[in-house]
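S.K.: Sequence first, predicted model second:
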Amino acid sequence: PTVSVIGLGYIGLPTAAIVARAGMRVQGVDVSQEVVDTINRGAIHIEEVDLDGLVQGVVQRGLLSAATGVEPADVFVIAVPTPFAKDGKHTPDISYVLAAARAVAKVLKPGDTVILESTSPVGTTEAMRDLIAIERPDLRMPGLCDGIPDVSLAYCPERVLPGRILQELTDNDRSIGGVTPRCARKALSFYKRFVRGTCVTTDARSAEMTKLVENAYRDVNIAFANELSMVADAMELDVWEVIRLANRHPRVNILSPGPGVGGHCIAVDPWFIVHGAPEQTPLIRTARGVNDAKIHHAIARATALVEAHPGAGVACLGLAFKANIDDFRESPARLVAATLARRYGSRISVVEPYAAELPREFEGTGAALVDIDTALESCDVLIVLVDHDVFRSVPLAERAGKAVYDTRGIWPDQPAAREPEALRKAG
Ligand code: SAJ
């Protein structure tokens with residue numbers, strides 16, 4: 001079949017490339033002319049391990065090309081963003097999905113399959129179906145007609161981890177949610193061509209909810225760890241020691257506290273559940289609040305440590321939203337470091353091996369981007385914000401005598417900070 005992938009971002013582009021590698025002819029569609037031109041040159045506009053070589057290869061072989069308009073295909077995969085609406089209420093905005101569906105409707109023909117991959121509130125696939133039904137009254141739509149419909153519609157979420165996208169796109173199990181069982185079987189036959197993991201069929205609404213539940217589960221569990229870290233600060237306990245010990249219980253597995261939850265999914269998707277069932281979601285909502293509060297707790301504690309060392313150089317270790325990746329968007333580490341830079345200016349050194357320069361909000365603060373060696377030489381206060389391997393491997397000898405606030409617990413052998421009083425007040 002020919003395949004059209006709409007939205008060439010972190011999910012769409014790797015998906016388009018892998019589908020092309022499986023031998024299908026793929027047209028990638030994106031609203032950005034710049035993105036389209038980049039891909040048609042065989043280059044990429046996002047960072048992901050091994051993606052550059054893969055895209056170059058499939059573009060050269062003529063299997064992948066990009067355009068700004070949707071053209072006819074047999075399978076349409078929609079992977080556009082579903083952000084919050086700008087109402088400040090965490091309302092999901094599915095307008096990009098509906099716009100993509102409208103564009104697909106124009107070129108749809110009997111026998112085609114339309115698959116939504118974007119993380120979406122429950123009911124979005126059916127809303128998409130209803131919209132296509134209005135745009136194309138000539139087509140018989142699944143669930144709205146007797147007998148065999150003209151087109152198939154399904155919701156099939158991805159569950160890939162940034163940094164491992166290519167591998168996880170083929171290896172992970174997938175939920176394949178059809179608007180009808182027949183739709184699910186049609187979508188299944190498409191994914192079977194390039195997915196090695198098990199593909200489990202279900203209905204579209206269950207698949208939509210499954211994606212949201214996976215990320216809410218992780219958010220709630222991280223919130224538990226973050227809450228424990230704040231309790232431990234108040235009680236002057238080492239949270240890492242407590243978690244290490246508790247996790248020796250055969251049925252306990254507490255996650256790791258950090259400076260808050262970042263990234264584009266885990267801090268967003270739980271709200272889609274809350275929005276759909278506000279009365280039934282006190283736990284999910286509270287977890288979001290706890291994880292957001294942890295950012296402010298980290299800022300307060302870091303500030304207290306800096307204040308307790310007048311004039312000392314301060315190194316903020318890490319800006320990425322998690323370990324060993326170069327993604328700085330929606331990152332609590334970046335927020336903490338930028339807040340300290342605004343307050344303490346040239347006293348602040350930032351170490352981020354994955355960044356070539358500091359992000360815009362650091363401009364004019366006087367803070368500098370330095371390497372880890374410089375930071376260890378010139379700074380007496382270390383604030384660990386990201387658990388990059390390069391930070392983890394700094395031996396005790398190089399940080400002995402320094403005042404450390406380790407939000408990630410990467411240095412279990414670090415002696416407790418010297419100012420418990422000031423820190424306790426901040427906690
Ligand atoms: N974090 C902690 N403590 C932990 C684990 C994570 O503080 O013990 C923080 C990280 O530092 C980061 C945030 O949580 O700031 C999220 O990181 P993550 O590695 O948990 O997840 P993401 O956002 O990179 O990817 C998630 C994954 N979902 C789950 O693990 C349930 C991925 O499989 C999804 O495909 C992705 O969201 C997505 O696109 O929805």
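M.R.: In hand now; what should we look at?
S.K.: Could you use CA atoms for every contact and neighbour count after this?
M.R.: OK.
S.K.: Show me the chain divided up by domain.
M.R.: Domain assignment of the chain by automatic domain parsing yields the ranges 2-197, 248-426.
S.K.: May I see the ones you listed organised as a markdown table, with mean neighbour count, mean pLDDT and distance to residue 241 added?
M.R.: Listed next are those as a markdown table, based on neighbours: other C-alpha atoms under 10 Å; pLDDT from 0 to 100; distance: least, C-alpha to C-alpha, whole Å:
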| stretch | mean neighbour count | mean pLDDT | distance to residue 241 |
| --- | --- | --- | --- |
| domain 2-197 | 20 | 97 | 28 |
| domain 248-426 | 19 | 95 | 8 |
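S.K.: the longest helix in this structure is where?
M.R.: helix 204-235 (DSSP state H).
S.K.: So which bits of that one are buried?
M.R.: Buried residues in helix 204-235, counting neighbours by 16 or more other C-alpha atoms under 10 Å, are found at 204-213, 215-216, 219-230, 232-233.
S.K.: can you narrow these to ones near the ligand?
M.R.: 215, 222 (C-alpha under 6 Å from any ligand atom).
S.K.: List the contacts of the one helix or strand residue 34 maps to.
M.R.: Using DSSP states H and E, the secondary-structure element containing residue 34 is helix 33-40. Residues from elsewhere that reach helix 33-40, judged by C-alpha atoms under 8 Å, 6 or more residues apart in numbering: 8, 28-30, 44-45, 55, 59, 65-68.
S.K.: Stretch 55-73 too?
M.R.: Judged by C-alpha under 8 Å, 6+ apart, the contacts made with stretch 55-73 from elsewhere in the structure are 1-4, 6, 16-17, 20-21, 23-33, 36-37, 39-44, 103-104, 107-108, 112.
S.K.: again, only this time at 6 Å
M.R.: Outside of stretch 55-73, the residues that reach it under the criterion C-alpha atoms under 6 Å, 6 or more residues apart in numbering are 2-4, 17, 20, 25-31, 36, 40, 42, 107.
S.K.: what does stretch 343-354 give?
M.R.: By C-alpha under 6 Å, 6+ apart, the residues outside stretch 343-354 that reach it are 313-318, 326, 341, 365-372.
S.K.: Farthest-apart pair in the contacts of stretch 55-73, please.
M.R.: For the contacts of stretch 55-73, the farthest-apart pair by C-alpha to C-alpha is 42 and 107; their separation is 26.4 Å.
S.K.: ok, back up a step: tell me which helix or strand comes right after the longest helix of the chain.
M.R.: Note on helix 204-235: by DSSP H and E, the next helix or strand toward the C-terminus is helix 239-246.
S.K.: buried ones in that next one?
M.R.: When burial is assessed from 16+ other C-alpha under 10 Å, helix 239-246 yields the following buried residues: 239-240, 243.
S.K.: Tell me how far stretch 49-64 lies from the chain's centre.
M.R.: Using C-alpha atoms, centre = their mean, to the nearest Å, the distance from the centre of stretch 49-64 to the centre of the chain it belongs to is 24 Å.
S.K.: could you dump that stretch to CSV, C-alpha only?
M.R.: C-alpha atoms of stretch 49-64 as CSV (Å, rounded to 0.1, in the frame of the first residue of the first chain):
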residue,chain,number,x,y,z
VAL,A,49,19.5,8.4,17.6
ASP,A,50,20.1,6.9,14.1
LEU,A,51,17.2,8.7,12.5
ASP,A,52,19.4,10.8,10.2
GLY,A,53,20.9,7.8,8.4
LEU,A,54,17.6,6.1,8.1
VAL,A,55,15.8,9.1,6.6
GLN,A,56,18.7,9.8,4.2
GLY,A,57,18.5,6.2,3.0
VAL,A,58,14.8,6.0,2.4
VAL,A,59,14.7,9.4,0.7
GLN,A,60,17.5,8.4,-1.6
ARG,A,61,15.8,5.2,-2.5
GLY,A,62,12.7,7.2,-3.4
LEU,A,63,10.5,5.5,-0.7
LEU,A,64,9.9,8.7,1.4
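S.K.: if we can go back for a sec, identify those among the contacts of stretch 55-73 that sit within strands.
M.R.: Members of the contacts of stretch 55-73 lying in strands (criterion: DSSP state E): 2-4, 25-29.
S.K.: got JSON lines for those residues, with distance to the ligand too?
M.R.: What follows is these, written out as JSON lines (distance: C-alpha to the nearest ligand atom, whole Å):
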{"residue": "2", "distance to the ligand": "26"}
{"residue": "3", "distance to the ligand": "22"}
{"residue": "4", "distance to the ligand": "21"}
{"residue": "25", "distance to the ligand": "25"}
{"residue": "26", "distance to the ligand": "22"}
{"residue": "27", "distance to the ligand": "23"}
{"residue": "28", "distance to the ligand": "20"}
{"residue": "29", "distance to the ligand": "20"}
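S.K.: For residue 271, which non-adjacent residue is closest in space?
M.R.: Once its chain neighbours are removed from consideration, residue 271 has its nearest residue in residue 90; the separation is 6.2 Å (C-alpha to C-alpha, 6 or more residues apart in numbering).
S.K.: which residue ranges form the helices in the stretch 251-400 of the chain?
M.R.: For the stretch 251-400 of the chain, applying DSSP state H, counting those that start in this stretch gives helices covering 269-276, 282-307, 332-344, 372-378, 389-392, 396-399.
S.K.: Need those helices in TSV (columns: distance to residue 252).
M.R.: As requested, the helices of the stretch 251-400 of the chain are exported to TSV (distance: least, C-alpha to C-alpha, whole Å):
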stretch	distance to residue 252
helix 269-276	23
helix 282-307	19
helix 332-344	27
helix 372-378	35
helix 389-392	25
helix 396-399	30
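S.K.: closest one to residue 263 among those helices?
M.R.: Evaluated with C-alpha to C-alpha, those place helix 332-344 nearest to residue 263, the distance being 9.0 Å.
S.K.: pLDDT (mean, whole number) over stretch 200-209?
M.R.: Per-region confidence: stretch 200-209 scores 98 on mean pLDDT.
S.K.: Determine how far the last residue of it lies from the first.
M.R.: 15 Å (C-alpha to C-alpha, to the nearest Å).
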